[in-house]
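Participant: Here is the input, now give the coordinates:
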Amino acid sequence: MQLAVDGSGNFLDISLFNKEGELVYSLFLKSKKTHSKQLVDVIDTVLKQLDISLGDIDTLFCVVGPGRYTSIRVVISTLKGLFFQKSISVFSLNSLDITAASVCDIEMFRVIGDFFSKEAYYCDYERKSGQLKRVSQIKKGTEEDVNDTGLPIIRSTDVKLFPKTKHVLELEQFFEKVELFALNPFY
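Facilitator: The predicted structure follows:
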């Protein structure tokens, strides 16, 4: 089984795929609970519903940012604790790429993350023949920099795009394989 987790914002977004890459579970939620409490509860519930154990998960995809730094750290720490001493393949990816994968009806566009201290990360994307590619580097800029484009703007916080983790397997060109304990926030 393959687990994808995004806790880079106010939402907790989780998807589970079988070994053939078929989506078997997807959920996103926003509540007043911390991501660490939600994450453990949701994973426990999913495992029980699907009658599997944590040991059945052999691949982990984790969004490491940009986003809400504390939320990302909490999710990463929780996943490290859950999968401690388990043999698991771990891949990190960023919230801009997973947001871009959720956009299917626009050929060229810009994805913008949350603004913190009057700056945000952003990147331009192109989708041709179903293939997604970055057409710029991931940059950090002011609101003026970010909005200085003729491209449609997609915000990573747009609730209409959730759950985004169900698109994680479309992002193989953007994955970065890491050791579990080398999984760290992107900033």
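Participant: for this protein, longest strand please?
Facilitator: strand 119-128 (DSSP state E).
Participant: Show me what whatever helix or strand comes next after it packs onto, helices and strands only.
Facilitator: On the C-terminal side of strand 119-128, the nearest following helix or strand under DSSP states H and E is strand 131-134. Other helices and strands packing on strand 131-134, by 3 or more C-beta pairs under 8 Å, 6 or more residues apart in numbering; DSSP states H and E, are helix 95-101, strand 119-128. (C-beta placed from N, C-alpha, C; glycine too.)
Participant: pLDDT (mean, whole number) over the first one?
Facilitator: Averaging pLDDT along helix 95-101 yields 97.
Participant: In terms of secondary structure, what does the lowest-mean-pLDDT helix or strand in the chain contact?
Facilitator: Lowest on mean pLDDT, DSSP states H and E among the helices and strands of the chain sits helix 35-50, with a mean of 89. In terms of contacts (3+ C-beta pairs under 8 Å, 6+ apart), helix 35-50 is packed against strand 12-17, strand 23-29, helix 69-82.
Participant: ok, residues contacting it?
Facilitator: 3, 5, 7, 12, 14, 16, 24-25, 27, 29, 31, 33, 53-54, 56, 71, 74-75, 77-79, 82 (C-beta atoms under 8 Å, 6 or more residues apart in numbering).
Participant: on that earlier part again, now mean neighbour count and distance to Phe109 too, for the helices and strands packed on strand 131-134, in CSV please.
Facilitator: Formatted as CSV, the helices and strands packed on strand 131-134 follow (neighbours: other C-beta atoms under 10 Å; distance: least, C-beta to C-beta, whole Å):
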stretch, mean neighbour count, distance to Phe109
helix 95-101, 27, 8
strand 119-128, 19, 6
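Participant: between the ones you listed, which one is nearest to Phe61?
Facilitator: For Phe61, the closest of those is helix 95-101, at 8.9 Å, according to C-beta to C-beta.
Participant: Could you dump the helices and strands packed on helix 35-50 into CSV and include mean pLDDT and mean neighbour count?
Facilitator: As requested, these are exported to CSV (pLDDT from 0 to 100; neighbours: other C-beta atoms under 10 Å):
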stretch, mean pLDDT, mean neighbour count
strand 12-17, 96, 24
strand 23-29, 93, 17
helix 69-82, 93, 18
